[in-house]
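In: quick one, structure for this:
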Amino acid sequence: MAVPRYTLLRVARALSEDSTAYVTLRGATTHHAAEVLTAVPRRATGVDLTVPPMLNSHVFGAFDAFATAVRRDLGKERAAEWDRKVFEEATARQSVPPPYAKDPVGHLVASWQQTLREGGLENSADVLEQQNAVMVDIWGKATGLGDKVRDSLHDDALNDTSAARGNALRNLS
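Out: Sure thing, here's the model as predicted:
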């Protein structure tokens, strides 16, 4: 039985009020996004190269919408507490990224977590909204994509994630 997108968004949004649930779901999404990127063949071009980051944008955009909706509904003080808990839980595991050649998924996930940690609590909401673009950059560098291609994929990831966030927010309203 298929679950309508609207229903899934509402359920995930409700779960996201609990910072631990949000971090757990976003962490699983991060791991899956890394798997999607690392499955792209090394010499891929065209849609074979651009579609995987775009698909990840839709999911990360939805998570950004959940965070926006939670912050809005909690109010300033409780939202700041939620952000603090999300940041602390998402950065609790500190690990050195393994070499991409040995563990591509682990490299992307640990590198992303390092980026979030380095951004600090005060910037964590913005850094989270850039997650897909950051992961695309890390992946592009690790796989030897040229600067022009990486820049294009980065910009597309930012734009696609922002559009997906807006779409999810409209569905949640």
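In: give me every residue that touches the closest residue to residue 34 other than its chain neighbours.
Out: Distances taken as CB to CB, 6 or more residues apart in numbering put residue 108 closest to residue 34, at 3.9 Å, once the chain neighbours are dropped. Where C-beta positions appear, they are placed from N, C-alpha and C, glycine not excepted. Applying CB atoms under 8 Å, 6 or more residues apart in numbering, we find residue 108 in contact with 33, 34, 37, 38, 100, 135, 138, 139, 142.
In: identify the farthest-apart pair in those residues.
Out: Greatest spacing in the contacts of residue 108, by CB to CB: 33 and 100 (15.3 Å).
In: what residues of stretch 104-119 count as buried?
Out: Neighbour counts over stretch 104-119 (16 or more other CB atoms under 10 Å) mark 104-117, 119 as buried.
In: out of these, which is nearest to residue 14?
Out: residue 116 (24.1 Å).
In: list the contacts for the closest one?
Out: Counted by CB under 8 Å, 6+ apart, residue 116 has contacts 87, 90, 91, 124, 127, 128, 131.
In: if I look at it, how far off is residue 90?
Out: 6 Å (CB to CB, to the nearest Å).
In: try residue 1
Out: Using CB to CB, residue 1 is found at 32 Å from residue 90.
In: ok, residue 172 - contacts?
Out: Counting by CB under 8 Å, 6+ apart, residue 172 makes contact with 9, 10, 13, 65, 66, 69.
In: columns secondary structure and pLDDT on top of those residues, output as CSV?
Out: Below are the contacts of residue 172 laid out as CSV (DSSP: H, G, I helix; E, B strand; the rest coil; pLDDT from 0 to 100):
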residue, secondary structure, pLDDT
9, helix, 94
10, helix, 94
13, helix, 96
65, helix, 98
66, helix, 98
69, helix, 97
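In: write the ChimeraX selection for whichever of those are buried.
Out: Buried residues within these, by 16+ other CB under 10 Å, are selected in ChimeraX with:
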select :9,13,65,66,69
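In: nearest to residue 162 among the contacts of residue 172?
Out: Nearest to residue 162 among those, with distances taken as CB to CB, is residue 65, at 10.4 Å.
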